[in-house]
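Engineer: Using only what follows, build the 3D model:
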Amino acid sequence: MDSRSRDGSIASLERVPLFGLNFIDSASLDEVADAILDFDAASIGSESPTLPVVLTPNVDIVVRLDGMKGSADAEMFEKAEFCLPDGQPIVAASRLFGSKLRARLPGSGLFEIIWPRIAAEDRSVVVVAPSTEISDRLGAEHPKANFIIPPMFDVDDLEAAAGIASDISRELSASGADTVIIGLESPKDVRIMTNLFAHWPPSLAKPFCICVGGGFAMYLGLKRRAPAWVQKIGMEWFFRFAQEPRRLFHRYFVRDVAFVGVVWRELRSRKRRRRSAS
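Structural biologist: Numbers count the residues shown, from 1 in each chain. Predicted structure coming up:
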């Protein structure tokens with residue numbers, strides 16, 4: 001990545017604290033993409049309170065993190081330099097707290113902006129792809145990219161996550177790249193990054209890790225993304241559910257209902273803090 005001071009485009013991005021996370025607040029995903037492409041991970045020292053990471057938590061992730069306070073997963077999201085609100089309910093909830101997030105900033109949309117630019121500029125990156133088909137098609141667009149295709153593994157298989165982190169570390173060293181783009185579902189991506197950073201030599205700048213979830217498949221047309229008008233009214237989640245009802249029913253209609261409780265506790269917590277301050 002091009003070197004640029006953190007006093008540049010990233011400093012101009014506003015942030016909104018919500019649910020223990022520090023969300024980027026922007027009306028434009030292009031603005032955020034510019035800041036990410038300009039970001040210099042070496043500017044984050046070993047004593048920095050943040051990590052050179054791009055994460056896009058949605059409602060499901062916020063609910064999961066609510067029950068994992070103090071965990072390595074929660075710490076990764078709390079310290080992420082770029083934490084993007086990838087969920088319309090998160091944006092809607094922010095209005096209840098007087099700190100309105102201007103727009104949803106999805107990882108899928110982010111990837112379709114940054115990847116063509118990374119390829120056009122021949123930037124050296126390591127890409128963790130979920131399949132050979134995806135790596136082949138992305139590699140055709142950016143022949144100088146370095147790909148890792150990890151084997152299928154269970155989200156709680158920490159040994160497997162550590163092995164993939166070691167593969168990334170070796171690929172970064174061999175290629176000279178300083179950026180990793182991970183297209184695996186959460187929390188697999190977070191578990192890999194936790195291992196990568198835990199064993200990274202303290203004398204070296206940490207690599208910049210960009211997590212985009214299912215962004216690869218949507219960019220390549222392997223999964224359909226909701227039309228723009230559906231995204232605009234905040235119903236992209238329902239569009240996805242209609243495509244994969246069996247896989248997503250429990251997530252959307254059982255597990256994520258707990259988001260109401262998360263919002264309620266946040267409201268109560270803020271009221272208590274206001275009373276204490278008065």
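
Engineer: okay, now the spatially closest residue to Val53 that is not a sequence neighbour: neighbour count?
Structural biologist: Computed as Cβ to Cβ, 6 or more residues apart in numbering, the closest residue to Val53 that is not its neighbour in sequence is Ala80, at 4.4 Å. (Each C-beta comes from the backbone N, C-alpha and C, glycine too.) Ala80 has 25 neighbouring residues, counting by other Cβ atoms under 10 Å.

Engineer: Can you list the low-confidence ranges for this protein?
Structural biologist: 1-11, 46 (pLDDT under 70).

Engineer: now the strands for it?
Structural biologist: Ranges of strands in the chain, per DSSP state E, are 14-18, 21-25, 51-55, 80-83, 126-128, 146-148, 179-182, 208-211.

Engineer: Pick the most buried one from those.
Structural biologist: Highest mean neighbour count of those: strand 208-211, a mean of 27 (counted as mean count of other Cβ atoms under 10 Å).

Engineer: Take the strands of the chain and lay them out in CSV including distance to Ile164.
Structural biologist: Formatted as CSV, these follow (distance: least, Cβ to Cβ, whole Å):
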stretch, distance to Ile164
strand 14-18, 30
strand 21-25, 25
strand 51-55, 16
strand 80-83, 19
strand 126-128, 7
strand 146-148, 7
strand 179-182, 9
strand 208-211, 12
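
Engineer: for the ones you listed, which one sits closest to Ser94?
Structural biologist: The minimum distance between Ser94 and the strands of the chain falls on strand 14-18, with 5.7 Å, by Cβ to Cβ.

Engineer: what's the distance between the residue most central in space within the chain and Ser135?
Structural biologist: Residue closest to the average C-alpha location in the chain (Cα atoms, centre = their mean): Leu55, at 2.0 Å. Per Cβ to Cβ, to the nearest Å, Leu55 is found 22 Å from Ser135.

Engineer: Arg274 is nearest to which of the strands of the chain?
Structural biologist: Arg274 sits nearest to strand 14-18 of all those, at 14.4 Å, using Cβ to Cβ.

Engineer: on that earlier part again, identify whichever of the strands of the chain lies nearest to Pro89.
Structural biologist: strand 14-18 (11.6 Å).

Engineer: Mind listing the strands the closest one pairs with, and their directions?
Structural biologist: strand 21-25 (antiparallel) (DSSP bridges).

Engineer: quick check: angle from the strand it pairs with to strand 51-55?
Structural biologist: 70 degrees (axes from the mean of the first three to the mean of the last three Cα atoms, to 10 degrees).

Engineer: Check what contacts strand 21-25 and list those residues.
Structural biologist: For strand 21-25, the surrounding residues in contact (Cβ atoms under 8 Å, 6 or more residues apart in numbering) are 13-17, 32, 57, 62, 65, 77-78, 80, 82-85, 90, 94, 101-102, 105.

Engineer: ditto for stretch 265-278
Structural biologist: Against stretch 265-278 from outside (Cβ under 8 Å, 6+ apart): 18-19, 66, 93, 96-97.

Engineer: Just the buried residues of it, please?
Structural biologist: By 16 or more other Cβ atoms under 10 Å, the buried positions in stretch 265-278 come out as Glu266.

Engineer: Any idea how far that stretch is from the middle of the chain?
Structural biologist: Offset of stretch 265-278 from its chain centre (Cα atoms, centre = their mean, to the nearest Å): 29 Å.

Engineer: what do you get for stretch 60-77?
Structural biologist: Mean-position distance between stretch 60-77 and its chain equals 13 Å (Cα atoms, centre = their mean).

Engineer: Just confirm Ala74 contacts Gly20, I think it does.
Structural biologist: Yes. Taking contacts as Cβ atoms under 8 Å, Ala74 lies within contact range of Gly20: 7.5 Å.

Engineer: which of these two has more neighbours?
Structural biologist: The neighbour count for Ala74 versus Gly20, taken as other Cβ under 10 Å, is higher for Ala74 (18 against 15).

Engineer: coming back round to it: which strand residues sit across from the residue nearest to the centre of the chain in the sheet?
Structural biologist: Taking DSSP bridges as the rule, Leu55 bridges to Cys83.

Engineer: residues contacting it?
Structural biologist: The contact partners of Leu55, taken as Cβ under 8 Å, 6+ apart, are 76-77, 80, 82-84, 190, 211.

Engineer: give me that answer again for 10 Å
Structural biologist: When contacts are counted by Cβ atoms under 10 Å, 6 or more residues apart in numbering, Leu55 is found next to 21, 61, 76-84, 86, 107, 186, 189-190, 193, 209-213.
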